[in-house]
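# what would the 3D arrangement of this be:
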Amino acid sequence: MACRISELVVDCTDPERLAAFWSAVLDYVELGRDDDGSIEIGPPGTGFGGPLPVLVLSPTGEPRPRKLRLHIDVSATDRDQGAELERLLALGATPADIGQTGTESWHVLADPEGNEFCLLHARIQPV
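Numbers count the residues shown, from 1 in each chain. The predicted structure follows:
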């Protein structure tokens, strides 16, 4: 038997803001809040333990490290990459330069707290 990713924890200074951003990006809903200020978001109707991982936005006062060792890749499910890029930018994502050449098939973006993520070219089926 193998493991699967059930949740991703993102340390952040403003869990409310990031929960709103990532909920809009992923079409997730708020699943719960912890006493420490963490906000858990996930797929509507399934939540933790479902086919997709949940995100936990956990408050921290520590500064963000220079470059993250792990980042999230997203793929559009109902539109092409260009239209999805426009939607993500309208939600508050910003272009990020991590040394790409400009010939990549993906776009590197940052969420409202500067965490890099990539919008891949491939369109995938929704779960």
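
# now the strands for the protein?
Here the chain has its strands, by DSSP state E, at 7-12, 29-33, 39-42, 54-59, 72-74, 94-95, 107-110, 116-119.

# check these for me and report the most buried one.
Across the strands of the chain, averaging neighbours per residue (mean count of other Cβ atoms under 10 Å) puts strand 39-42 on top, at a mean of 23. The C-beta positions use only the backbone N, C-alpha and C, and glycine is treated the same way.

# other SSEs contacting it?
Using 3 or more Cβ pairs under 8 Å, 6 or more residues apart in numbering; DSSP states H and E as the contact test, the elements touching strand 39-42 are helix 15-26, strand 29-33, strand 54-59.

# contacts for it?
The contact list for strand 39-42 (Cβ atoms under 8 Å, 6 or more residues apart in numbering) reads 7, 15-16, 19, 22-23, 26, 28-34, 48, 50, 52-57.

# surely Cys12 is in contact with Ser58?
Yes. Between Cys12 and Ser58 a contact is recorded at 6.9 Å, counting by Cβ atoms under 8 Å.

# what's the end-to-end length of stretch 64-71?
13 Å (Cα to Cα, to the nearest Å).

# tell me the mean pLDDT for that stretch?
Average pLDDT, stretch 64-71: 77.

# got the domain boundaries for the protein?
According to automatic domain parsing, the chain comprises the domains 1-62, 64-127.

# out of these, which one sits most buried?
Comparing the domains of the chain by mean count of other Cβ under 10 Å gives domain 1-62 as most buried, with a mean of 15.

# excluding its backbone neighbours, what's nearest Arg87?
For Arg87, ignoring the flanking residues on the chain, the nearest one in space by Cβ to Cβ, 6 or more residues apart in numbering is Arg79 at 7.5 Å.

# residues touching the residue nearest the centre of the chain, list them.
Geometric centre of the chain, nearest residue: Trp22, 5.1 Å, by Cα atoms, centre = their mean. Neighbouring residues of Trp22 by Cβ under 8 Å, 6+ apart: 28, 41, 55, 57, 111.

# one step back: and the residue nearest to Arg87, how far is that from Asp11?
31 Å (Cβ to Cβ, to the nearest Å).
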